[in-house]
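K.L.:
Pasting a predicted model and its sequence here:
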Amino acid sequence: MVVDLVVFSDKIYDIVPQPCHIETVASGFEKTEGPVWVADEQVFFFTDFSAEKIYQWHDGDGLRVFREKSNRAVGMALDKKGCLIACEGITRRVTRTEKNGDITPVATHYEGKRLNSPNDVVVKSDGAIYFTDPRSRYLTDEQELDFNGVFKMDPTDGQVHLLTSEFQWPNGLCFSPDEMRLYINDSSRQHIKVFEVLDDGTVGQGRLFCELDKAYGKGAPDGMKVDAEGRVYVTGPGGVWVIDVTGEPLGIIKIPEGVLNIGFAGSTLYLTAQSKVLRIGLQVSGI
């Protein structure tokens, strides 16, 4: 199937081939999320958070369940050792799946209060874990924090530090290739902010990076990644928005089914799109 583009700048043609073909990798899920590519194993992980499962997919071996009872895992990432880091909504924690299959909690509380519902996560090269923590509509227990925060878990002492509480609904986040900037989106406000990363791993004052336009379709900023040249890719109204390092939107890759998150495998972009996992080939590589 060929996908359409909304073109804001001719620069988008340097990124998205014409025609751009989209392929269905797997289907039949309830709501997919959390795409992660493991290059060493050529394996793609994703969650079906409504069904509370984590899957893995390989071109040759196909699809299999990696973890039953995922506790409604949403966003995922890899740590420095290649272990899977997952944001669990039901248990309100961030966990690590060890190489032997054991599940280790890595972030559960802030200042003695339970987290809301960790949503998305990224791991810095020094091992620090950064995650967003909005109050999910699936949260059934009492909310203990009176804000929706973005946090950092320190790899040396395991302490959880608040980076910012200025977001209404913090969701996807990613680093620039040099890790000097941290991008965080706010689904409620339909925008992305960018923060300077300080020497201690905390962040400075944020500024507006880009605002998405609801006129282009359903959706809000959710999953977010960068390519090797620093361009930002974010799911949003109408599909996947491609944004230049200056904050200029270059175009929208129109996706026929609402897409919640994205993940790069070299120059292939995987999309978790509700009941399906899709992929498209680009002319640039992601990180």
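P.N.:
Everything's here; your move. Numbering: from 1, shown residues only.
K.L.:
Listing request: residues of this structure with sub-threshold pLDDT.
P.N.:
138-140 (pLDDT under 70).
K.L.:
can you pull the contacts of the residue nearest the centre of it?
P.N.:
Nearest residue to the geometric centre of the chain (C-alpha atoms, centre = their mean): G223, 3.9 Å. Shown in contact with G223 (C-beta atoms under 8 Å, 6 or more residues apart in numbering): 33, 35, 75, 120, 172, 234-235, 259-263, 272. Glycine gets a C-beta too; all of them are placed from N, C-alpha and C.
K.L.:
how does it look with 10 Å?
P.N.:
33-35, 74-75, 120, 171-174, 185, 233-236, 240, 259-263, 271-272 (C-beta atoms under 10 Å, 6 or more residues apart in numbering).
K.L.:
Next: V3.
P.N.:
16, 19-22, 239-240, 253-256, 278, 280 are the contacts of V3 under C-beta under 10 Å, 6+ apart.
K.L.:
Is there a quick PyMOL command that grabs whichever of those are buried?
P.N.:
In PyMOL, a selection of the buried entries from the contacts of V3 looks like this (16 or more other C-beta atoms under 10 Å):
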select buried, resi 16+20+22+239+240+253+254+255+278+280
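K.L.:
now, which of the contacts of V3 sits nearest G149?
P.N.:
V240 (26.5 Å; C-beta to C-beta).
K.L.:
Identify the residue nearest the closest one in space, chain neighbours excluded?
P.N.:
Excluding the flanking residues, the one nearest V240 by C-beta to C-beta, 6 or more residues apart in numbering is I253, at 4.3 Å.
K.L.:
Who does the helix or strand harbouring that neighbour pair with, and is each partner parallel or antiparallel?
P.N.:
Assigned by DSSP states H and E, I253 falls within strand 249-254. Strand pairing for strand 249-254, using DSSP bridges, gives strand 5-7 (antiparallel), strand 239-243 (antiparallel).
K.L.:
that older thread, any idea how far T132 is from the residue nearest to the centre of the chain?
P.N.:
11 Å (C-beta to C-beta, to the nearest Å).
K.L.:
what's the overlap in contacts for the two?
P.N.:
74-75, 120, 171-173, 185.
K.L.:
In strands only, show me those.
P.N.:
74-75, 171-173, 185 (DSSP state E).
K.L.:
For these, work out which two are farthest apart.
P.N.:
It's V74 and N185 that sit farthest apart of those, by C-beta to C-beta, at 14.3 Å.
K.L.:
When those two are compared, which one has more neighbours?
P.N.:
Each of V74 and N185 has its neighbours counted (other C-beta atoms under 10 Å); N185 has more, 31 against 28.
K.L.:
which non-adjacent residue is nearest that one?
P.N.:
P221 (3.7 Å).
K.L.:
secondary structure element for that neighbour?
P.N.:
Per DSSP H and E, there is no helix or strand for P221.
K.L.:
for it, phi and psi?
P.N.:
phi -60, psi 130 (degrees, to the nearest 10).
K.L.:
how about it, what does it touch?
P.N.:
With C-beta under 10 Å, 6+ apart, P221 has these contacts: 169, 171-172, 183-192, 210-212, 234-237, 241.
K.L.:
swap in P105?
P.N.:
So, once contact is read as C-beta under 10 Å, 6+ apart, P105 ends up touching 88, 91, 93-96, 158.
K.L.:
Dump these to TSV, plus secondary structure and neighbour count.
P.N.:
Supplementary listing: the contacts of P105 in TSV, determined by DSSP: H, G, I helix; E, B strand; the rest coil; neighbours: other C-beta atoms under 10 Å:
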residue	secondary structure	neighbour count
E88	strand	24
T91	coil	19
R93	strand	20
V94	strand	26
T95	strand	24
R96	strand	17
G158	coil	11
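K.L.:
nearest to S27, of those?
P.N.:
E88 (24.6 Å).
K.L.:
For that closest one, name its beta-bridge partners.
P.N.:
Beta-bridge partners, per DSSP bridges, of E88: A73, R93.
K.L.:
What segments of the stretch 151-287 of the chain are strands?
P.N.:
Using DSSP state E, counting those that start in this stretch, the strands of the stretch 151-287 of the chain run over residues 160-164, 170-175, 181-186, 191-196, 207-211, 224-226, 232-236, 239-243, 249-254, 261-265, 268-273, 276-281.
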